[in-house]
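# The sequence isn't on hand, but the structure is:
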């Protein structure tokens, strides 16, 4: 293996060990519990350390999102030829698809420093001013979850993005004075999972907007093979294909499943990840051939067996599976809707024929039309 490969393997192993040491920490809140699911697209701080060792560093190494890669390549190369920072970039799409990775790649391609923060971390306009006032020329600022910026910080960002200037307010009340402060030209990269929550004035100030789509199995297979090389996992092609088809179109889930199957192969087999080892390991982790886990199947099972396929309200469904409504709505439903197994209707949630078939059941001839509507 090359020196670069050895270094990547060392970083990945170190991050994985740290993740295992802290894995027993109790989660707090619905989002944290959701991140604990093996097929969750969310990630906690420990897992992000592991991901950093697996991320591609250049645009040419980034797999998938072909249209976005081509558009970004044109944007960055034209900016380099002009010797000016490129337009501000907005990246939207579900979690786990590579928005943070692309932000890091943008900085690497420009040869510029990267400043990373997040919307919830910027509680006041002064927090944002402290970040912007210390920027060097051409620096890239990445704001994750930008739709969660505080309103005062958001209004300050308008002026900074457009005129590279911020107004610092000194004093209080009638004697308050706004002092204009010029800042170095920079490129803002904003990431959001809910683009609809961005106010129009902020959205309009981004010169380039890209939406990241879910990945195809063949693209995930390439990502899994690359990650296996960095982690030192002996992976067979059929094992990679099996993992790719169960990863819900999300690289973060694919890498997490790879690590869990790697653990199983090392402890209960000869360390080689084959198709059979993958199937046995994922059966242990309750991830089926379509990528559904225990919560997904529990939602479908309750909807069909208890409520005849629906329609049923979200809160009623959440109580039936002993989960919070937010967890069901944010974590389980998007994938089930994308798989065509669940439909959201004005009357409530409804199981589709594909859901009945996945559970090995026969849907009623009337599609459940005789069932009463169960509102929250």
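Ah, there it is. Model, not experiment: these values are computed from the prediction.
# quick one: what helix or strand has residue 71 in it?
Element membership for residue 71, per DSSP states H and E: helix 66-82.
# Can you list the helices and strands that that helix packs against?
With contacts taken as 3 or more Cβ pairs under 8 Å, 6 or more residues apart in numbering; DSSP states H and E, helix 66-82 sits against helix 99-110, strand 208-211. All C-beta spots, glycine's among them, are computed from the backbone N, C-alpha and C.
# Just say which of these is most tucked in.
Across the helices and strands packed on helix 66-82, the average number of neighbours (mean count of other Cβ atoms under 10 Å) peaks for helix 99-110, which reaches a mean of 21.
# quick check: domain ranges of this structure?
What automatic domain parsing lists as the domains of the chain is 3-211, 217-284, 294-358.
# now the first one, how far from the chain's geometric center?
Remark: domain 3-211 is offset 13 Å from the chain centroid, using Cα atoms, centre = their mean, to the nearest Å.
# before we move on, the earlier item: want to try JSON lines for the helices and strands packed on helix 66-82, with distance to residue 38 as columns?
As requested, those are exported to JSON lines (distance: least, Cβ to Cβ, whole Å):
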{"stretch": "helix 99-110", "distance to residue 38": "20"}
{"stretch": "strand 208-211", "distance to residue 38": "26"}
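# before we move on, the earlier item: how about the domains of the chain in JSON lines, adding distance to residue 364?
What follows is the domains of the chain, written out as JSON lines (distance: least, Cβ to Cβ, whole Å):
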{"stretch": "domain 3-211", "distance to residue 364": "29"}
{"stretch": "domain 217-284", "distance to residue 364": "29"}
{"stretch": "domain 294-358", "distance to residue 364": "7"}
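# What residues of stretch 210-217 count as buried?
Of the residues in stretch 210-217, those buried under the neighbour-count criterion (16 or more other Cβ atoms under 10 Å) are 210, 212, 214, 215, 217.
# Wait, the second one touches residue 96, no?
No. Shown here, residue 212 and residue 96 do not form a contact pair, counting by Cβ atoms under 8 Å, at 9.6 Å.
# ok so, going back, can I get the domains of the chain in a markdown table including mean pLDDT?
Output for those, formatted as a markdown table (pLDDT from 0 to 100):
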| stretch | mean pLDDT |
| --- | --- |
| domain 3-211 | 80 |
| domain 217-284 | 93 |
| domain 294-358 | 88 |
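# tell me the contacts of the residue nearest the centre of the chain?
For the chain, the residue sitting closest to the mean C-alpha position, by Cα atoms, centre = their mean, is residue 95 at 1.7 Å. Residue 95 sits next to 41, 42, 43, 193, 250, 252 when contact means Cβ atoms under 8 Å, 6 or more residues apart in numbering.
# Chain neighbours aside, what residue packs nearest to the fifth one?
For residue 250, ignoring the flanking residues on the chain, the nearest one in space by Cβ to Cβ, 6 or more residues apart in numbering is residue 96 at 4.3 Å.
# Would you check that that neighbour makes contact with residue 252?
Yes. Because the distance of 3.4 Å satisfies Cβ under 8 Å, residue 96 is recorded as touching residue 252.
# Residue 363: what's it in contact with?
309, 351, 353, 356, 357.
# swap the cut-off to 7 Å and go again
Residue 363 makes contact with 309, 353, 356, according to Cβ atoms under 7 Å, 6 or more residues apart in numbering.
# Quick check: of those residues, which has the highest neighbour count?
Per-residue neighbour counts (other Cβ atoms under 10 Å) across these peak at residue 309, which has 23 neighbours.
# and the next element down the chain from the helix holding residue 71?
strand 89-92.
# picking that back up, hey, what's in contact with both of residue 96 and residue 252?
Any residue near both residue 96 and residue 252 by Cβ under 7 Å, 6+ apart counts here, and that gives residue 41.
# related to what we said a few turns ago, export the buried residues of stretch 210-217 as a markdown table, with columns for distance to residue 128.
What follows is the buried residues of stretch 210-217, written out as a markdown table (distance: Cβ to Cβ, whole Å):
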| residue | distance to residue 128 |
| --- | --- |
| 210 | 23 |
| 212 | 25 |
| 214 | 32 |
| 215 | 33 |
| 217 | 41 |
